[in-house]
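Enquirer: Sharing a model that was predicted from the sequence below.
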Amino acid sequence: MRVGLLGAVEVRDGDRAVVLGGPKPRALIAVLALHAGHAVSLDRLVDALWEDSPAADVRGALYTYVSGLRRLLGDVVVRDGGGYRLDLPPEAVDVELFTRTVAEARGAGDPAETAEKLRSALDLWRGRPLDGVTGSWADAERARLEELRLVAVEERLAAELTLGWGDRLVGELTALTGQHPLRERLQAHRITALHQAGRRTEALAHYRAVRAGLVDELGVEPGPELRAAHERVLQADDADAAAGGPAVAVPAQLPTDIADFTGRGDDVLALAAMLSGQPGTAVRVAAVSGPPGAGKSTLVRHVAHQVRAEFPGGQLYAHLAGTRPAAADPADVLGGFLRALGVPEAAVPAGLDDRIARYRSELAGRRVLVVLDDAAGEQQVRPLLPGGRGCAVLVTSRQRMGALEGAHQRELGVLSEEEAVRLLDAVVGGGRARREPMVAAEIARLCGRLPLAVRIAGARLAARPQWPLAQLARRLRSERTVLSELRVGDLEVRGSLALSYAGLSGLARTALRRLGYLELSSFASWLLAPLLGCSPAVAEDVVEHLVDSRLADASGERYALHDLTRAFGRERAEAEETREELESAVTRAAGEYLALMEHAAIRMPGAAEVIAAESVSTLDDALVADLLAEPERWFEAEQAGLVAVVERAAALDLSALASRLAAALSSSSFALTNQFSLWWRTHQAALSAAERTGDRAAEARLLGGLGWLRYEQDRLDESADYYGRALACWVTAGDLPQQARTRLELSRVHRERGDLADAIALLDETIPVLRVMDDPVLLARAHHTAALTHTERGDLPAAWSAGDQARRSYEQRGDDHGVALVLRSLSLVRRAEGDWDAAIGLCERALVVLNRIGDRLMIAYTTQALAKARLRRGDASTGPALRDGLAVCNEMQDSFGQALITRTLGELELAKGHPAAAKSHLEHALQWWDALNLPLWRARTLRDLSVAHMAAGDPAGADAAWAEASAIFARHGSREAAEPRPSAVPSQNPLTGSPETRAAR
């Protein structure tokens, strides 16, 4: 997803333009995008959208616009503290990309690179920034962005003027100075451009006109930059008079040097000595030739930088594209050289012969280095040779240019063994090759000591830090046929994907096609087994063949295709294979992913409650056990691949398979790690397929998954809506078990929203059905939900009974994770009864299990429950543990947990006798509850806030907070409606009174 602000405000999701609506939604996305990755406070958003004409219910209106934006954009708009955050990388916003590119330009080493990067930055502008957004905030931001653009334009012009391109800039500068007559830097640039174009009189006249305007209109003299431009014209006139000629441009066109250049010591010395010597009677020419991969361009670039100081007249560079189908035309190259040397565009001759003559005339008497890279042959090079003896030329070509008169020929072969080992060590890093010199020398020899091959071997070792060098040496010895293709002749085809593809085995070509078709960013070798219908051993050989052919990269035990290779693979798949063949391959791959996912999930805490291993893997048991030894790591490594397969299956309208994959993902990896954006993305893709194919069961399954997603995100109204739509689908289908499951999930939503009567009604309807279904897992969850709901209503005996049933059921199944969650819930019952010691004991038992399992989020929740129980007993030392739990909730984007623990920190400060600090935490928690639309939790926090107000000596504030809280309690029929108002007594902890005055959570 990309956001564009440098023109009309727009959002693009891939190739699709998102329809944003009117000025307010555009302003909202603009404010969030300008701070992408960072939270923007509600106040700041309100100021930006309504500063000119605030709405009556401004925050309510803001929430409406945010909800609308979330419906359009999905989970990239997230709640963060007291505001909202656009969860996109900053570079996804064109303003940030513009800013970064400008910064890179300012750090570039030469003016040509600076100008190129600034042009790239300015190309991001599509028109008037923030177009479609109104108001004073937009006007101010628009002015700021316009100023940044103008500064970038000025800096680009400065770089291009340094290159001597003034003749081609006069028109642009005339228009710019007309639009911005008071920007002195633009006026100075126009004077310089006129002078470089040979229009000295106009340059001086323009300075006089600008100065007169400044003096007459503003009463000020020109600034230093404008005066300096004028002085340069005058000084150049004086120099011209003394020297008898005009000032000349000094080009600096060399590409950057290679940071890790290694070896070729004799070649560097010989070329540098030849180029740096005293000029003879003719131009000095060095022709460097050799096969692809021998490092010709790298060597010449390195030498040119070493000797550039010997050529004060400048350095010219051209890539002649000799190995491409259309090599550079010498006439075009000469035209570029002449312009770089300061020849005005209008003065550049039209014909080749005339350009040669003008070029040699411009270089006469000057010391200029000319670098001609990738020449097709002598005929292409001869017109580009200077005539002056002070100049020098470096040429590279695959072919030895023996017919190039007077050229110093330098033929590059393979590296010496010492140089090859040093290059290998430099690429591998960490001194690994130096520590094993004999094995490193063998690897260098097996690579033919060709620089590119050595670099490939070094990169493979760098990507596999666990490999000893001997392991790679063994692999190279066993793959001599493949490595022979890395020698000089076969290296000639590496620059072409089509030629490389043609050189693969049939199975490897099929692998490349299908990997590209899946659009995987990374994969493991086992995936090729179902994709190709082969054994895992054959699959590993195939993927290593792709790696050795440089069509795949390896990192540890995983592999990746470059973007271009992936696109090429997809094109070949669609061109060479039938839809049926591709559907069959995707079905096999998706089926294997589903089987592995289910087997991984049953090894993970929490996932086993909602997913079962129903699919059968085609891989052998030993490989499956090895792959899934650490299921969390497997999910993390395969996450991108799983998402890609869901999306590809959905695109092929394999709705049943896509929905099962998406549901399994949400039930395992995504739910346990709060990968909400990927959860939404996969479900939306699969849901679209289900709707297209009319697959009502898949549609219902996915709507239920989206309901669960919104529940996990604490967006309960949306959750209820999705569950309601899923329930309607299951009712239409007549599927009673799925209806019961969905009603159970909907009851949890009602409980969280404070609709306790509705929650109990759904549970009373669902639990008897679950008993008939004889589903102990769902029945245990239903009893657990009932326990929590009864606790909320204040029916503590019923809560304990239901919770105890859930605990026994989980214990019978050996589900320690389920037992731990119920123990925490039972601790809430004991705490509400005033049995602090029992509540503490239950929490501590739960934490033992959760710590062993590693469920960080529920550890945070249980730590909060334990802290509350200890606080009731008078222990106020739980602050550090609470803050650790809050950090986990922040990391995992768990809004409810953030609000809950923030409230508990407020209660802690109140117990310690710090009402001001307590109010700060409690008011922050109120903002969370409001954002989550949880009125019952707002009421509980208001009740605590009333105690804080009273402790701070503000009885009016206390009365107002309590009045609002008690009204909400009564409206929802919660336990607190029957409890007396708490009071703050200076000699007593205000939160450790009678049991009736405490909340359950």
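Expert: Structure received.

Enquirer: Run through who's touching stretch 534-547.
Expert: With C-beta atoms under 8 Å, 6 or more residues apart in numbering as the test, stretch 534-547 has contacts from 460, 475, 479, 482, 504-505, 507-508, 511-512, 525-529, 532, 552-554, 559, 619-620, 623. From N, CA and C alone the C-beta is placed, and that goes for glycine too.

Enquirer: Over stretch 907-924, what's the mean pLDDT, rounded is fine.
Expert: When pLDDT is averaged over stretch 907-924, the result is 92.

Enquirer: In the stretch 1-150 of the chain, where is pLDDT below threshold?
Expert: By pLDDT under 70, the low-scoring segments of the stretch 1-150 of the chain are 52-57, 109.

Enquirer: where exactly do the strands run in it?
Expert: 2-4, 10-13, 16-18, 39-41, 77-80, 83-86 (DSSP state E, counting those that start in this stretch).

Enquirer: which of those is buried the deepest?
Expert: strand 83-86 (a mean of 22; mean count of other C-beta atoms under 10 Å).

Enquirer: What pairs with that strand, parallel or antiparallel?
Expert: As defined by DSSP bridges, the strand partners of strand 83-86 come to strand 39-41 (antiparallel), strand 77-80 (antiparallel).

Enquirer: By mean pLDDT, flag the weakest helix or strand of the chain.
Expert: Within the chain, no helix or strand scores below helix 488-491, which has a mean of 28 by mean pLDDT, DSSP states H and E.

Enquirer: can you give me the helices in the stretch 601-750 of the chain?
Expert: With DSSP state H, counting those that start in this stretch as the definition, the stretch 601-750 of the chain shows helices at residue ranges 621-627, 631-651, 655-665, 671-673, 676-693, 696-712, 716-733, 736-753.

Enquirer: Can you check which of the ones you listed gets nearest to residue 434?
Expert: For residue 434, the closest of the helices of the stretch 601-750 of the chain is helix 631-651, at 31.6 Å, according to C-beta to C-beta.

Enquirer: Compute the inter-axis angle for that closest one and helix 655-665.
Expert: 160 degrees (axes from the mean of the first three to the mean of the last three C-alpha atoms, to 10 degrees).

Enquirer: residues of helix 631-651 that come out buried?
Expert: Buried residues in helix 631-651, counting neighbours by 16 or more other C-beta atoms under 10 Å, are found at 631-632, 634-635, 637-650.

Enquirer: on that earlier part again, any chance of TSV for the strands of the stretch 1-150 of the chain, columns distance to residue 963?
Expert: Listed next are the strands of the stretch 1-150 of the chain as TSV, based on distance: least, C-beta to C-beta, whole Å:
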stretch	distance to residue 963
strand 2-4	44
strand 10-13	44
strand 16-18	44
strand 39-41	28
strand 77-80	28
strand 83-86	28
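
Enquirer: I'd like to know which of those lies nearest to residue 310.
Expert: With respect to residue 310, and counting by C-beta to C-beta, the nearest of the strands of the stretch 1-150 of the chain is strand 2-4 at 46.9 Å.

Enquirer: Could I get the pLDDT score of residue 987?
Expert: Looking at residue 987, its pLDDT is 33.
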